[in-house]
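Undergrad: after the sequence you'll find the predicted model.
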Protein chains: 2
Amino acid sequence: MARQPIKPTDSELQILNVLWANGPQTVRQVNDDINSKLAPETKETGYTTTLKLMQIMADKGLVTRDTSQRTHIYKSDISESDTQQNLLETFVNTTFKGSAMSLVMQALGNHKASKEELDQIKQLINKLENQ
Amino acid sequence: MARQPIKPTDSELQILNVLWANGPQTVRQVNDDINSKLAPETKETGYTTTLKLMQIMADKGLVTRDTSQRTHIYKSDISESDTQQNLLETFVNTTFKGSAMSLVMQALGNHKASKEELDQIKQLINKLENQ
DNA sequence: GAATATATACGAATTGTTTCGTATTAAGCA
DNA sequence: TGCTTAATACGAAACAATTCGTATATATTC
């Protein structure tokens, strides 16, 4: 069953990343997690800010929550790879005029990949060639 | 000389893409170009909207303009590949938690690449390996 | 040279996202 | 039980991006 394009905002993605990494959680846990890894010069995110965002995300269907207890437990309702795939597509279209290949070339060329990483890619290419 | 991160918005990028593709142009030309390739169900962008955006971009230094004639000529003041590189980095950080490799793998895996494209990538990998 | 077409300038409305203050309610505890 | 702590709900402020209306000036044309 196809869904329409899932396009979380940056803040929403930040929250989803926490839920994907650590599983179902409370607003408090998500908020603490986000504030625990702040970039320097960055202001903390207030608790009610995170709460509000997660409520909105629940409305949009990005997350579901268990409200049987007073403290709600939120979990992501969309998969990480589906979301990445969607965002990737949008990004390729806007920034690389639809050319996934030129994105790959740029990413590869710029990133100092290790031997292991390059091997991994070669392996994937082999698999793609033998299809 | 390093610049600070160049991060045009989506609308700005749309305009930059026209300027990169077709060279220095008037607001009218850019606006027409954008409206000539509208996705279905998409509303046209008004002339003054594009004008305003390009004026803002001039303020920000994304474009420069020749105002010696009544009809101003705008040209991009930032390079396409630098901009792509910047946006790519931001995108990798937010959507792929900083892992350029996992982005490359996703992009490769999902995109149905032609033999030529795969060859091109293999060539690049070879070059990277011999460094 | 008057009417028309087309350009810029620019304030303000609109829309979307994020942040925050505060009310209310439930738990925990002295 | 009453006090403190911690949770949700929610309206609205603050910000940012985009869109638009309109004033004004300059060309163009008849």
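TA: Looks like it came in fine.
Undergrad: what's around A:T83, how many residues?
TA: 22 (other Cβ atoms under 10 Å in any protein chain shown). For every residue, glycine as well, the C-beta is placed using N, CA and C.
Undergrad: other SSEs contacting the helix or strand hosting A:S102?
TA: Element membership for A:S102, per DSSP states H and E: helix A:100-110. Packed against helix A:100-110, as judged by 3 or more Cβ pairs under 8 Å, 6 or more residues apart in numbering or on different chains; DSSP states H and E, are the following elements: helix A:80-95, helix B:80-95, helix B:100-110, helix B:115-129.
Undergrad: contacts for stretch A:35-43 next, please.
TA: A:E44, A:T45 (Cβ atoms under 8 Å, 6 or more residues apart in numbering or on different chains).
Undergrad: mind listing what A:V18 touches?
TA: Neighbours of A:V18 in contact, by Cβ under 8 Å, 6+ apart: A:Q25, A:Q29, A:V30, A:D33, A:I34.
Undergrad: quick check, nearest of these to B:P8?
TA: Using Cβ to Cβ, A:I34 comes nearest to B:P8 of these, at 26.5 Å.
Undergrad: ok, back up a step: which one of the helices and strands packed on helix A:100-110 lies closest to B:Y47?
TA: That would be, of the helices and strands packed on helix A:100-110 and by Cβ to Cβ, helix A:80-95, which comes in at 22.1 Å.
Undergrad: buried set for the closest one?
TA: The neighbour-count check on helix A:80-95 (16 or more other Cβ atoms under 10 Å in any protein chain shown) flags A:E80, A:T83, A:Q84, A:Q85, A:N86, A:L87, A:L88, A:E89, A:F91, A:V92, A:T94, A:T95 as buried.
Undergrad: poorly predicted segments of chain A, please.
TA: Residues of chain A meeting the criterion pLDDT under 70: A:1-5.
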